[in-house]
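Visitor: here's my sequence, what's the structure:
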Amino acid sequence: MVSRLLPPLLRKGFLSCLRREISPYGTLIPPTPGLLLPSLPINPLVPRCLSDRPNFCVIPVRNSTVFTSLPGDVIWEGVTGPKGSTKKRARGKRRVTRPKIDLNRGQRLGGNREGYLWPGLNAPLYRESTLQKVQKGDVNQEYLNKLEELRNKSAVKKKRVKLPPLLRGWTGASMGGQSLGPLDSGSPGFDTRVLELKAVSTMTATVGRYRRFSALVVAGNGRGVCGVGKARSVTLRGALKRAKNRAFLNLISFNLKENRTLWHLGHVREWHTTIYATPKPEGHGLVCHRAIKTLCDLIGIKDMHAKVEGNTKNYLSIVRGFLRLLNEQESYEDVSNRLGMHVVEFSKDFNSVPRVLASPRAGITQDCVSYAGLKSDPLLGSRPPPKPPKAGNRYHIDLLSLHAFWEAQEKEHGERSPLLITKPGYRSPVPKPDPEFDPIDHLLDEEDEAEEEVQRLLERGERDLDVIITLKGLVPNIKKNPLPTYLSSAGVLKRAAERHRYRNQEAARRERIAYAKLDEQ
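Guide: Predicted coordinates for the structure are as follows:
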């Protein structure tokens, strides 16, 4: 019963329900001076008139009700039902409950449905130096209708805004791949995409577990300009906005071939992530990781194949590695000027007729290019290899071995050469892993091979641009995608063997029947 009466009662207010009980006595009984009412049996629900104040009527009212003794949240819970896990544990089945209505929404101070004017509340207290009294004014029906409509909107459950399928990103459950639009201050031609949005937390001594949101956003104009921004904030919107602004502060420009693909083959390693990228002809499209595909859309790369090995879930490593791969790309003119040779293309589209793509500038020849004394590949401009680890600082001299060595040296060379023998009990320090380690060094062959210098590659007749610049004479060991685990399980293999056996039995049966028919003939 309470659930039926509560919504209209809360919507209209308590004063509207009690207006007849507290109305002036003159509206009930015409006031007559000196009027004495006959003695009637006392009934607490019947109004009684006061002899000294005939203009008022005394009405007994129960002031303690469920609406005055309980807070609003508890009363609303009686209508909407319990929330969360309490609703799951509750007995019985409930209908689809309506949500809570915010009765304070759109409410004005002193506003009422009857249009009463309360001096000092919704009307001026004095008018022409005269104290105003409570009086009834005009009813603003338009305002009441809008207020009712506004409150009913709050009772409707908000539905999630549906995006078009092409703008939903990678999946519908996360914001990865969704567009945030250009910069608020104005950036025509630019677009921003969300690559990663996750919740992170840090345990602190004062606050405890400090939870924040981490966002990775990429910005680009589709013409070779791209920027990456990463930020954290307590709110989701704050993290996205901060990362978006930082992406525009880190813009980088890349030189693309025909504004659509790479110049040559590229490979890079960023921590535990390895990326192999291959340029493709026009119309091939993008066949790569979804984060790299989003990057290519913002940069302007349209035709490329990329393979990501190792950790494929660390999006920051994938983005940094791919941008470093693009930064290491060289145009044909730069390669021609560095090598002092012509860059020639042999394509089946031109019947394998050589086509010169770039030639060195005047005065640059192969003899002028010197690679002597260089500790790194001059084409990629990479860092020099790390220095070998230092030897142990504890030494031990074995006198017997030293004298035997000196005697052997005196017999052969006529002089003694110094010899330093390390203490075998001392364990040399373990060298740290090389940050510039490149998996391309691991070949398909079992023999250990090292990178060859560009000069030696040219001397032995190597003319493949990808081998000279990117691979440096090595063969990449690109791993194939492994088969799913469920295909290699014991049950699947057993069923496959049974199907193979049954299929062979059926074939043998048909063969026996065919031979029997032939024998009968």
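Visitor: break this structure into its domains for me.
Guide: Here the domain parsing of the chain from automatic domain parsing is 107-159, 175-253, 393-433, 485-520.
Visitor: please identify the most buried of the ones you listed.
Guide: Sort these by mean neighbour count, taking mean count of other CB atoms under 10 Å, and domain 175-253 sits at the top with a mean of 16. In short, each C-beta sits where N, CA and C put it, glycine included.
Visitor: which residues touch Met304?
Guide: Residues in contact with Met304 (CB atoms under 8 Å, 6 or more residues apart in numbering) are Thr261, Leu262, Ala277, Thr278, Pro279, Lys280, His284, Leu286, Val287, Cys288, Cys296.
Visitor: can you name the residues bridging to it?
Guide: Taking DSSP bridges as the rule, Met304 bridges to Pro279, Leu286.
Visitor: that's a strand at Ala306, yeah?
Guide: Yes. Counting by DSSP: H, G, I helix; E, B strand; the rest coil, Ala306 falls inside a strand.
Visitor: please name the spatially closest residue to it (chain neighbours excluded).
Guide: What sits nearest to Ala306 in space, not counting adjacent residues and going by CB to CB, 6 or more residues apart in numbering, is Cys288, at 3.5 Å.
Visitor: per-residue confidence for Gly473?
Guide: Model confidence at Gly473, given as pLDDT, is 63.
Visitor: likewise Ala219?
Guide: So, for Ala219, pLDDT stands at 94.
Visitor: list the contacts of the residue lying closest to it once chain neighbours are set aside.
Guide: Closest residue to Ala219 in three dimensions, ignoring its sequence neighbours and counting by CB to CB, 6+ apart: Ala247, at 4.0 Å. By CB under 8 Å, 6+ apart, Ala247 lies in contact with Thr192, Val217, Val218, Ala219, Gly227, Val228, Gly229.
Visitor: Arg456: which of the residues you listed is nearest?
Guide: Among the contacts of Ala247, Val228 lies closest to Arg456 (CB to CB), at 37.8 Å.
Visitor: what ranges does the stretch 201-350 of the chain have for its helices?
Guide: Using DSSP state H, counting those that start in this stretch, the helices found in the stretch 201-350 of the chain span residues 236-249, 290-299, 315-327, 332-339.
Visitor: turn these into JSON lines, including distance to Pro431 and mean pLDDT.
Guide: Converted to JSON lines, those look like this (distance: least, CB to CB, whole Å; pLDDT from 0 to 100):
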{"stretch": "helix 236-249", "distance to Pro431": "37", "mean pLDDT": "93"}
{"stretch": "helix 290-299", "distance to Pro431": "33", "mean pLDDT": "95"}
{"stretch": "helix 315-327", "distance to Pro431": "23", "mean pLDDT": "93"}
{"stretch": "helix 332-339", "distance to Pro431": "33", "mean pLDDT": "87"}
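Visitor: same list (the contacts of Met304) but as CSV, adding distance to Leu357 and neighbour count.
Guide: Shown next, in CSV, are these (distance: CB to CB, whole Å; neighbours: other CB atoms under 10 Å):
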residue, distance to Leu357, neighbour count
Thr261, 14, 22
Leu262, 14, 21
Ala277, 20, 27
Thr278, 18, 21
Pro279, 13, 21
Lys280, 17, 18
His284, 20, 15
Leu286, 24, 20
Val287, 25, 14
Cys288, 25, 23
Cys296, 23, 24
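Visitor: closest one of these to Ala508?
Guide: Once CB to CB is applied, the member of the contacts of Met304 that ends up nearest Ala508 is Val287, at 44.3 Å.
Visitor: burial measure for the residue nearest to the closest one when sequence neighbours are not counted, as a count.
Guide: Leaving aside its sequence neighbours, Val287 sits nearest to His305 (CB to CB, 6+ apart; 4.8 Å). By other CB atoms under 10 Å, the residues close to His305 number 16.
Visitor: verify the stated contact: His305 with Cys288.
Guide: Yes. Under the criterion of CB atoms under 8 Å, His305 makes contact with Cys288 at 6.6 Å.
Visitor: any common contacting residues for the two?
Guide: The contact sets of His305 and Cys288 overlap at Ala277 (CB under 8 Å, 6+ apart).
Visitor: can you list the helices of the stretch 201-350 of the chain in a markdown table and add distance to Trp271?
Guide: Compiled in a markdown table, the helices of the stretch 201-350 of the chain are given as follows (distance: least, CB to CB, whole Å):
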| stretch | distance to Trp271 |
| --- | --- |
| helix 236-249 | 21 |
| helix 290-299 | 15 |
| helix 315-327 | 5 |
| helix 332-339 | 28 |
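Visitor: with Tyr486 as the reference, name the closest of those helices.
Guide: The minimum distance between Tyr486 and these falls on helix 290-299, with 23.1 Å, by CB to CB.
Visitor: what's the closest one in contact with?
Guide: Contacts with helix 290-299, where a contact means CB under 8 Å, 6+ apart, come from 170, 176-177, 191, 193, 195, 218-222, 224-226, 254, 256, 275, 286, 288, 302, 304, 306, 308, 315, 318-319, 322-323, 326.
Visitor: tell me where the longest helix sits in this protein.
Guide: helix 490-520 (DSSP state H).
Visitor: now it: mean pLDDT?
Guide: 79.
Visitor: okay, now the unreliable bits of this protein?
Guide: 1-58, 84-98, 154-158, 363-403, 405-406, 415-430, 433-451, 471-477 (pLDDT under 70).
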